[in-house]
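J.: Quick one: sequence and predicted model below, then my questions.
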2 protein chains.
Amino acid sequence: MKLITRNTDYAVRALCFIAEQKQVVISADQLVKSLEMPRPFLRKILQTLNKEGLLSSSKGKDGGFALAVSPGKISLTDVMKIFQGSIRLNECKFKKSDCPYISDCLLKKKIDLIDKEVRAKLKAITIASIIKKEVNVNDQEVRGL
Amino acid sequence: MKLITRNTDYAVRALCFIAEQKQVVISADQLVKSLEMPRPFLRKILQTLNKEGLLSSSKGKDGGFALAVSPGKISLTDVMKIFQGSIRLNECKFKKSDCPYISDCLLKKKIDLIDKEVRAKLKAITIASIIKKEVNVNDQEVRGL
DNA sequence: ACAAAATGATACAATTATAGTATCATAATG
DNA sequence: CATTATGATACTATAATTGTATCATTTTGT
């Protein structure tokens, strides 16, 4: 059981990496070399992030990808939604007419509660909050980890 | 994204149903008729629950399945473990040597925290806690919902 | 104009997980 | 010994995940 799939994970790491660099525009090749990911898969992911508005892209020499949204405003749920669709943990199989527990299913209610909490917590995790340590510890720059 | 797969869901509902009946031993056929589930699939699930020790079984006429553990001692995590394997939400793809965030990955740590909380909450959900309402509301019996 | 360096679009493929089905064997009971 | 139940096991269909591969397009420098 995974909460986060590979492409979400790659996307998050790519976003973090881009956010951490002094350069604004980062090419797919740079990312492939720095983070270890299969190139075509990463490219597809970057294209998706571009389409979805989290990255902007430029072609040709010195082209690549740049953050289109500030790291503090990109949350894990944003990325998960893009690559994993809805992140409802629940989705009862049973239609109201079928479910033997009909209108109020305690199981569903309990899971719903957990679901809401998880979503809130995932939303609170932003790219900025993930890279915070690497970028800024005691107000010192510690790039190039 | 589902936290709970179909077989876990069926298993939980079957366990709840068995726990709710006055009869101790419930046959697969009874379950199929009452809860709406494909018979062969449910049978496989019941066999698994038997093997895993949550149910006991008896063959022949008036045979079937009975709870082998009290409803208060069967938690959602028990059932999930059986049908969905480990319920770690995390499992970082990157081996220590590969991961660009090396020994301390903030993403992983944050997800780990969520993971622990979710597991604790799932563990707190027992069969007893799910059927409580149906079996016992204001100390009245409200069977046959 | 043209080659090089980048992304864009899109179709295909392998692997794994999920959600089942189907069949025959075995045990208990009357 | 037939009936009624579960046990064991092999098979299958669908969808999701995790990619690969190819060609088109745009930008830039010479």
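T.: Noted; the coordinates are in hand.
J.: could you show me where the helices are in chain A, in order?
T.: In chain A, the segments counted as helices under DSSP state H are A:6-20, A:28-34, A:39-51, A:76-84, A:106-124, A:127-135.
J.: low-scoring stretches of chain A, by residue?
T.: A:90-104, A:133-145 (pLDDT under 70).
J.: quick revisit: could I get the helices of chain A as a markdown table with mean neighbour count?
T.: Using the backbone N, CA and C atoms, a C-beta is placed for each residue, glycine as well. Formatted as a markdown table, the helices of chain A follow (neighbours: other CB atoms under 10 Å in any protein chain shown):
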| stretch | mean neighbour count |
| --- | --- |
| helix A:6-20 | 22 |
| helix A:28-34 | 16 |
| helix A:39-51 | 17 |
| helix A:76-84 | 20 |
| helix A:106-124 | 17 |
| helix A:127-135 | 19 |
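J.: could I get these as TSV with distance to residue B:118?
T.: Converted to TSV, the helices of chain A look like this (distance: least, CB to CB, whole Å):
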stretch	distance to residue B:118
helix A:6-20	17
helix A:28-34	31
helix A:39-51	26
helix A:76-84	15
helix A:106-124	6
helix A:127-135	19
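J.: Now tabulate these in a markdown table and tack on distance to DNA strand C.
T.: A markdown table is the format used below for the helices of chain A (distance: least, CB to the nearest atom of the strand, whole Å):
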| stretch | distance to DNA strand C |
| --- | --- |
| helix A:6-20 | 10 |
| helix A:28-34 | 3 |
| helix A:39-51 | 4 |
| helix A:76-84 | 13 |
| helix A:106-124 | 15 |
| helix A:127-135 | 18 |
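J.: Tell me which of those sits nearest to residue B:122.
T.: helix A:106-124 (7.1 Å; CB to CB).
J.: Residues touching that closest one, excluding its own?
T.: Contacts to helix A:106-124, defined as CB atoms under 8 Å, 6 or more residues apart in numbering or on different chains, come from residues A:3, A:75-77, A:80, A:87-90, A:92, A:101, B:3-4, B:12-13, B:16, B:113-114, B:117-118, B:121-122, B:125, B:129-133.
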